[in-house]
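Asks: need a structure here:
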Amino acid sequence: MAADRNSELDYARPIRRILIGGLVFVLLAVFVLWRVDSPRVERFRAALVDAVVPSFDWALVPVTRTARLIEGFQSYARLAEQNQELRRELRQMMAWKEAALQLEQENAKLLDLNKVRLDPRLTHVTGVVLADSGSPFRQSVLLNVGARDGILDGWATTDGLGLVGRIAGVGKTTSRVILLTDSNSRIPVTIQPSGQRAVLAGDNSAAPLLDFLEDPAQVRPGDRVVSSGDGGVFPAGLLVGHVALGRDQRLRARLAAEYDRLEFLRVLRSHAGEVIRDAGGLVVPAPIGPAPAPIPAAAQEAGDG
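Replies: Got it, this is the predicted structure:
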């Protein structure tokens with residue numbers, strides 16, 4: 001066995017030397033061939049390249065595919081960067097969209113406030129809602145207008161759609177509005193077209209009760225509810241809402257104002273009614289005919305004597 005191995009080694013070594021020597025000779029020949037500057041050698045080099053290079057396409061396939069793979073990874077990296085950039089732009093667009101929607105809602109509110117038809121004798125002050133009570137037991141909001149703007153207690157407030165509440169507490173720069181839904185709110189209303197009088201009583205729910213109806217049989221769901229003006233609490237004719245039948249089978253008012261989106265409120269300057277100083281004039285009728293001539297002072301004194 002040892003002799004066989006030695007014979008194989010003795011046979012392989014000369015072949016290896018011959019192959020290495022041949023390879024070195026070919027490389028030297030190619031080097032010399034490419035270094036010689038001669039027209040004949042140049043033509044030979046061109047013919048050799050034309051004959052050998054096309055047959056090496058198979059050897060270039062791995063290189064070509066590797067290059068394509070690298071380009072694919074680079075393209076994927078660029079796509080990933082573009083995707084991240086598009087995601088950032090989409091988030092910015094969503095923020096801009098939300099801002100645009102908020103501005104559109106505010107614009108619609110202001111347009112509604114400008115379109116609402118009120119008694120031309122009523123003037124108003126528009127305020128921005130700063131905050132709400134945040135309590136389930138007290139329904140109120142805070143406005144950024146107060147005594148410096150001439151606001152007084154008891155004045156009515158509306159949004160662009162209907163009556164919201166009344167002023168109850170005035171500071172120098174702010175004022176508080178008690179909403180119609182508050183349990184302390186009581187206002188007289190008229191139900192149209194029947195003309196029935198009632199009292200809108202808040203109970204901290206979205207639909208206040210209609211109490212003290214004169215004839216409930218004449219009232220139907222969907223009838224219009226407006227302020228009556230009785231007692232001078234509110235100006236007459238302000239839209240409050242529409243009649244609705246509650247789950248407890250009691251008549252309620254579905255308010256026209258959007259209480260979930262109160263941003264701007266209009267405070268109506270109510271003018272005080274005429275004050276009657278001489279109540280007797282309403283009972284004793286005025287004399288008919290010419291007024292009697294005044295009695296001279298001297299005659300009156302003589303008669304007294």
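
Asks: and the spatially closest residue to residue 230 that is not a sequence neighbour, which of the three is it?
Replies: Leaving aside its chain neighbours, residue 230 sits nearest to residue 188 (4.1 Å; criterion: Cβ to Cβ, 6 or more residues apart in numbering). No exception for glycine: its C-beta is placed from N, CA and C like everyone else's. Secondary structure, DSSP: H, G, I helix; E, B strand; the rest coil: residue 188 is strand.

Asks: And residue 95, by the same measure?
Replies: Residue 95 is classified as helix under three-state DSSP.

Asks: That one: how many residues sit nearby?
Replies: 10 (other Cβ atoms under 10 Å).

Asks: Pull up the per-residue confidence for it.
Replies: We have a pLDDT of 75 for residue 95.

Asks: What separation is there between it and residue 88?
Replies: 11 Å (Cβ to Cβ, to the nearest Å).

Asks: Quick check: residue 214 vs residue 228, distance?
Replies: Taken as Cβ to Cβ, the span from residue 214 to residue 228 is 12 Å.

Asks: Have a look at those two and say which one is more surrounded.
Replies: A count of neighbours by other Cβ under 10 Å puts residue 228 above the other of residue 214 and residue 228, at 23 against 12.

Asks: Give me the phi and psi for the more buried one.
Replies: Backbone torsions of residue 228, given as degrees, to the nearest 10, read phi -90, psi -20.

Asks: One more: residue 255?
Replies: Per degrees, to the nearest 10, the backbone of residue 255 is at phi -70, psi 140.

Asks: count of neighbours near it?
Replies: 24.

Asks: Can you tell me which helix or strand of the protein has the lowest average pLDDT?
Replies: helix 297-304 (a mean of 50; mean pLDDT, DSSP states H and E).

Asks: In the chain, where's the longest strand?
Replies: strand 123-132 (DSSP state E).

Asks: Report all helices and strands that whichever helix or strand comes after it contacts.
Replies: Proceeding N to C from strand 123-132, the next assigned helix or strand is strand 140-143, under DSSP states H and E. If contacts are counted by 3 or more Cβ pairs under 8 Å, 6 or more residues apart in numbering; DSSP states H and E, strand 140-143 sits against strand 123-132, strand 163-170, strand 175-179, strand 264-269.

Asks: Compute the inter-axis angle for the longest strand of the chain and strand 163-170.
Replies: 80 degrees (axes from the mean of the first three to the mean of the last three Cα atoms, to 10 degrees).

Asks: Could you pull out the buried residues of strand 123-132?
Replies: 124, 125, 127, 129 (16 or more other Cβ atoms under 10 Å).
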